[in-house]
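Undergrad: Okay, structure incoming, though there's no sequence with it:
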């Protein structure tokens, strides 16, 4: 089995395991601060899966979202709205390593000796 035959899938059962730590891992890996909101690079999921995930997050935590499709690649992206950022920050920050705090505008980015961002 090659690595391309394995696909990530979002199923309704995920809601049983959805917690702030899982959300922190998702943001730590694929999150990007955008002005005063948060975008998630969810390119490998369908728009239906992104909507399902966001609905679960909204039910569990009350975080507001918007799912949109990029013009260049047609990939769906998750966008957590500005008004939900204080709540999202409160839930997720305790589970992120300090090197990921910049995703919430806290602290500074760590720069490696070679000059690339870590």
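TA: That came through, no problem. For clarity, every value in this text was computed on a predicted model and none was experimentally measured.
Undergrad: so where's this protein uncertain?
TA: By pLDDT under 70, the weakly predicted segments of the chain are 1-6, 108-118.
Undergrad: In three-state terms, label the closest residue to residue 49 other than its chain neighbours for me.
TA: Leaving aside its chain neighbours, residue 49 sits nearest to residue 10 (4.0 Å; criterion: C-beta to C-beta, 6 or more residues apart in numbering). C-beta: built from backbone N, CA, C; applies to glycine. Following DSSP: H, G, I helix; E, B strand; the rest coil, we place residue 10 in the coil state.
Undergrad: What of residue 87?
TA: helix.
Undergrad: Now do the residue lying closest to residue 34 once chain neighbours are set aside against residue 11, distance only.
TA: Once flanking residues are discounted, residue 34 sits nearest to residue 79: 7.4 Å by C-beta to C-beta, 6+ apart. According to C-beta to C-beta, to the nearest Å, residue 79 stands 22 Å off from residue 11.
Undergrad: more crowded one of these two?
TA: Between residue 79 and residue 11, counting by other C-beta atoms under 10 Å, residue 79 is the more crowded of the two (17 against 9).
Undergrad: Wait, a strand at the more buried one?
TA: Yes: checked against three-state DSSP, residue 79 lies within a strand.
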